[in-house]
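Asks: could you work out the structure for the sequence below:
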Amino acid sequence: MNEVVRTGGGDGWDSHSSDEGAGLVRGPLIKFADWRYTRGGEPLADGTAFLAIDVAMAWVMFVPGGPPIHVLPGPSGYLPDRNTLGYLDESQWEFKFGERQDPWHNTRYVYLFDPDTAEISTLATSSGGGQPQHRQLAAPVEPIPAPLSGDNFDDAPSNHDVMSDEIPF
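Replies: Coordinates of the predicted model:
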């Protein structure tokens with residue numbers, strides 16, 4: 001009889017989260033607070049530029065003392081309607097910034113490539129000001145279509161054919 005024996009720190013599968021949204025943040029998180037950008041908690045240098053390489057979206061609800069809850073787009077590619085997520089009683093919502101705040105945040109994740117370090121970072125935004133910038137960045141990020149035939153990959157588009165915007169910070 002064969003037996004699986006685990007030793008030491010595990011086999012790498014132990015750290016895999018079952019949370020559906022766990023893979024939405026790739027690399028260090030870029031944040032904007034107090035009128036400055038930080039990456040992984042460190043201020044970004046003036047003139048830092050990134051290439052937008054991909055985008056994702058999710059409804060996110062932050063749970064005090066627990067991991068955030070993510071609701072991803074369905075097969076249609078669209079997020080479900082907010083009213084299907086529950087927590088509709090506004091009297092139960094947290095009071096912040098002078099008004100009740102919806103616990104669900106319509107969040108966009110923009111994946112940014114640093115050509116100087118080859119590092120990928122994530123800029124996440126759910127603010128009213130960040131959503132228009134996301135749409136502007138998302139427009140030129142096109143998915144690469146799969147080849148129609150498995151026999152000839154010479155005509156398949158390469159990653160170099162994908163248009164990206166350079167984003168100065």
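Asks: wait, what's in contact with Glu42?
Replies: Taking CB atoms under 8 Å, 6 or more residues apart in numbering as the definition of contact, Glu42 has no neighbours. Bear in mind the C-beta positions are built from the backbone N, C-alpha and C, glycine included.
Asks: looking at strand pairing, list the partners for it.
Replies: For Glu42, the beta-bridge assignment (DSSP bridges) gives partners Arg39.
Asks: tell me, what's the model's pLDDT at it?
Replies: Reading off the per-residue confidence, Glu42 sits at a pLDDT of 93.
Asks: the one 4 residues further on now?
Replies: We note a pLDDT of 87 for Asp46 in this prediction.
Asks: can you check Asp14 too?
Replies: Note on Asp14: pLDDT of 41.
Asks: pull the residues that contact stretch 82-93.
Replies: For stretch 82-93, contacts defined as CB under 8 Å, 6+ apart pick out Trp59, Met61, Val71, Arg100, Gln101, Asp102, Pro103, Trp104, Asn106.
Asks: mind checking how far the third one is from Leu85?
Replies: Spelled out, that is Val71. Taking CB to CB, to the nearest Å as the measure, Val71 and Leu85 are separated by 6 Å.
Asks: which one of the contacts of stretch 82-93 has the most neighbours?
Replies: Using other CB atoms under 10 Å as the neighbour definition, these reach their maximum at Trp59, which records 23 neighbours.
Asks: list the contacts for it?
Replies: Contacts for Trp59 (CB under 8 Å, 6+ apart) come out as His70, Val71, Leu79, Pro80, Arg82, Leu85, Trp104, His105, Asn106, Thr107.
Asks: quick one: contacts for the second one?
Replies: Think Val71. Contacts here follow CB under 8 Å, 6+ apart; on that basis Val71 touches Glu20, Ala58, Trp59, Val60, Leu79, Pro80, Leu85, Trp104.
Asks: now do the third one
Replies: Going by CB under 8 Å, 6+ apart, Leu79 touches Met57, Ala58, Trp59, Val71, Leu72, Pro73, Asn106.
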